[in-house]
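**Q** when you get a sec, could you give me coordinates for this:
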Amino acid sequence: MAGQGISSSKFYINIAGDTPSSNRLFDAIVSHCFFVLISDDTELPFEDTLDYSEFCVFVHASDVEYLLNLLCRIRQKKRTKVWERLKEIVLHVEYHHPSQAGMLWI
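**A** Next up, the predicted model:
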C-alpha cells in the first residue's frame with residue numbers, strides 16, 4: 001500500500017533523522033519522486049557522483065512553514081526534467097543480481 005502511494009506521488013518529503021542509513025532517498029529515486037529533505041545539514045551517499053540539486057529540494061528546518069509554497073512554485077517543466085533525470089539515475093542505484101556495469105557501488 002505504501003509503495004503505491006509513493007509511486008503515485010510527485011514529491012517525497014523526508015525529515016532527516018539521526019542515522020544516515022535510511023533507504024528513503026533510494027525509495028524516492030526508484031519511485032521517480034522529487035526528493036525533499038528537511039534538514040539543516042546532512043551528508044548524502046555518492047555526493048561525488050550524483051548532483052543532488054538535479055532532483056532534490058533542500059529545506060532548512062526553520063523554513064519548513066514555507067514548504068508548500070516552495071513546492072507549488074516548481075513548474076511542470078522542471079518536474080518533467082527531474083523525472084527524466086530520475087529515470088536515468090535509477091539504472092545506477094536499483095539493485096540487480098548479478099551487478100551490472102555502471103552501478104554506483106561497484
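**Q** residues touching stretch 61-78, excluding its own?
**A** 11, 13, 34, 36, 38, 39, 40, 57, 59 (C-beta atoms under 8 Å, 6 or more residues apart in numbering). (Glycine included, C-beta is placed from N, CA and C.)
**Q** I'd like the residues you listed as a markdown table, with distance to residue 47, neighbour count and pLDDT appended.
**A** Listed next are the contacts of stretch 61-78 as a markdown table, based on distance: C-beta to C-beta, whole Å; neighbours: other C-beta atoms under 10 Å; pLDDT from 0 to 100:
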| residue | distance to residue 47 | neighbour count | pLDDT |
| --- | --- | --- | --- |
| 11 | 21 | 16 | 91 |
| 13 | 21 | 18 | 91 |
| 34 | 18 | 20 | 90 |
| 36 | 18 | 18 | 93 |
| 38 | 18 | 17 | 92 |
| 39 | 14 | 14 | 90 |
| 40 | 17 | 11 | 87 |
| 57 | 16 | 18 | 92 |
| 59 | 18 | 19 | 94 |
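**Q** in a markdown table, list those residues along with distance to residue 73.
**A** Below are these laid out as a markdown table (distance: C-beta to C-beta, whole Å):
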| residue | distance to residue 73 |
| --- | --- |
| 11 | 13 |
| 13 | 16 |
| 34 | 12 |
| 36 | 13 |
| 38 | 17 |
| 39 | 20 |
| 40 | 22 |
| 57 | 10 |
| 59 | 13 |
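**Q** relative to residue 81, which of those residues is nearest.
**A** Distance to residue 81 across these (C-beta to C-beta) is lowest for residue 34, with 10.5 Å.
**Q** what's opposite the closest one in the beta bridge?
**A** Beta-bridge pairing for residue 34 (DSSP bridges): residue 11.
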